[in-house]
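In: whatever this is, show me its structure:
(one chain, ligands or ions: 2)
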Amino acid sequence: MDNEADVFYRQIPKVELHAHLNGSVSLATMEKLIARKPHLNIESSRTAIHSGQCRTLNECFQVFKVIHQLVDSQEDILMVAKAVIEEFAADGVKYLELRSTPREETKTGLSKRSYIETVLEAIHQCKQEEVDIDVRFLVSVDRRNGHEVAMETVKLAEDFMLSSDGVVVGLDLSGDPTVGHGKDLLPALQRARNCGLKLALHMSEVPSQKEESELLLALPPDRIGHGTFLHPEVGGSDGLVDKVCKMNIPLELCLTSNVKGQTVPSYDKHHFQYWYKRQHPCVPCTDDKGVFCTDLSQEYHLAASTFGLNQEAVWALSQQAIQCSFAPEALKQKLEQRWDELRPHILH
Ligand SMILES: CC(C)=CCNc1ncnc2c1ncn2[C@@H]1O[C@H](COP(=O)(O)O)[C@@H](O)[C@H]1O
Ligand SMILES: [Zn+2]
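Out: Ligands and ions are numbered 1, 2, ... in the order given. Here you go, the predicted model:
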């Protein structure tokens with residue numbers, strides 16, 4: 001990618017709505033963690049998928065297991081979360097919704113509650129240090145862990161929504177899409193929705209989740225992660241597409257993640273095209289910038305170069321993401337203003 005274009009994508013203000021904390025850990029931070037835990041004997045090549053490499057979905061999920069071994073104490077989480085926030089800010093991200101699955105680790109005394117508290121502390125410290133980014137947090141439910149854990153996580157998210165000064169805004173449903181069924185998690189997701197948590201749900205990330213997607217759409221979610229197999233050309237249906245369009249549910253689209261995870265065969269076949277052509281709200285996101293060796297500027301650059309978007313269109317894409325966020329109205333307005341002020345300096 002040439003330099004001049006690179007500068008443009010880095011300069012434009014951006015909104016990141018789909019970033020898993022432990023998948024976003026950079027190589028530099030990973031090396032610090034590895035140095036802290038030499039006994040684990042983990043090589044940094046095992047925690048990322050480099051350019052040109054592709055892995056099966058199953059292999060990708062193994063990577064998270066390795067990372068979780070390296071990030072298992074409050075000290076680790078604080079370091080990782082601060083670094084991730086600072087890196088997004090350095091990439092020109094002005095508003096970030098970070099998501100993570102609360103975990104407990106008996107050997108380090110980590111509880112699910114202290115896990116969330118530590119992420120919130122990292123967000124707080126970045127604010128105090130005047131890192132130029134607004135951060136909100138989504139609590140993740142790992143679909144693999146079933147109904148009971150999901151319900152427990154929702155209750156925790158509810159508590160923090162009420163006590164975190166508006167930092168905890170929603171719930172994410174994620175985890176290996178080939179494991180578990182969304183129908184078992186409906187009561188927990190319904191409860192989250194009823195108490196005012198926003199829902200960002202991974203949906204149709206793999207084929208043959210049509211029935212599950214129907215059920216999840218009935219909630220309905222406030223945003224959809226991936227939605228790779230929703231449309232009829234790839235085994236979804238017009239019915240699913242109609243619902244998503246009628247309810248105007250934004251899609252979080254992660255090009256590199258889908259290509260490296262091999263759910264999409266190549267960039268030009270990415271479903272960004274399908275939805276963008278329909279003028280449906282599409283938000284480019286990184287998913288796991290550490291694991292997939294990308295950043296948000298690169299994702300915008302890829303979308304633009306693959307689908308022929310000019311600078312105006314790229315700007316509109318990044319601005320549209322503000323309205324797709326779970327930020328309160330006042331913050332959305334502040335961000336819109338920021339975009340308007342920056343525009344004449346960046347767009348020529
Ligand atoms: C394997 C692959 C292609 C990944 C991209 N697609 C994904 N689909 C579903 N869940 C995900 C994905 N990437 C990350 N996650 C979730 O995020 C977790 C890592 O971040 P965290 O520990 O929640 O902070 C993973 O264990 C998984 O539960
Ligand atoms: Zn994801």
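In: so which residues on the stretch 201-348 of the chain come close to ligand 1?
Out: Neighbours of ligand 1 within the stretch 201-348 of the chain, by Cβ under 6 Å from any ligand atom: 202, 205, 257, 261, 287-288. Every C-beta, even on glycine, is put in place using the N, C-alpha and C of the backbone.
In: again with the stretch 51-200 of the chain
Out: Contact residues (Cβ under 6 Å from any ligand atom) of the stretch 51-200 of the chain with ligand 1: 57, 60-61, 64, 100-101, 140, 142, 174-175.
In: list the buried residues in the helix or strand residue 305 falls within.
Out: Using DSSP states H and E, residue 305 sits in helix 296-307. Buried residues in helix 296-307, counted by 16 or more other Cβ atoms under 10 Å: 296-304, 306-307.
In: list the ones among the residues of the stretch 201-348 of the chain next to ligand 1 that fall in strands.
Out: residue 202 (DSSP state E).
In: state the helix or strand in which the residue of the stretch 51-200 of the chain found nearest ligand 1 lies.
Out: Using Cβ to the nearest ligand atom, the closest approach of the stretch 51-200 of the chain to ligand 1 is made by residue 60 at 2.7 Å. Using DSSP H and E, residue 60 falls within helix 57-70.
In: quick check: buried residues in that helix?
Out: 60-61, 63-64, 67, 70.
In: columns pLDDT and distance to residue 161 on top of the residues you listed, output as TSV?
Out: TSV is the format used below for the buried residues of helix 57-70 (pLDDT from 0 to 100; distance: Cβ to Cβ, whole Å):
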residue	pLDDT	distance to residue 161
60	85	30
61	91	28
63	94	30
64	96	25
67	97	27
70	97	29
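In: export the residues you listed to TSV and append columns for distance to residue 158.
Out: Conversion of these to TSV gives the following (distance: Cβ to Cβ, whole Å):
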residue	distance to residue 158
60	31
61	28
63	31
64	26
67	27
70	30
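In: pLDDT score for residue 103?
Out: We have a pLDDT of 98 for residue 103.
In: which residue sits closest to it, ignoring its sequence neighbours?
Out: residue 115 (5.8 Å; Cβ to Cβ, 6 or more residues apart in numbering).
In: just how off-centre is stretch 250-270 within its chain?
Out: Centre-to-centre, stretch 250-270 and its host chain are 14 Å apart (Cα atoms, centre = their mean, to the nearest Å).
In: how long is that stretch end to end?
Out: Start and end residues of stretch 250-270 are separated by 16 Å (Cα to Cα, to the nearest Å).
In: next, the contact list for residue 118, please.
Out: 74, 77-78, 81 (Cβ atoms under 8 Å, 6 or more residues apart in numbering).
In: quick check on the residues you listed: which are buried?
Out: With burial judged by 16+ other Cβ under 10 Å, the buried subset of the contacts of residue 118 is 74, 77, 81.
In: let me see the mean pLDDT of stretch 275-284.
Out: Taken as a whole, stretch 275-284 has a mean pLDDT of 98.
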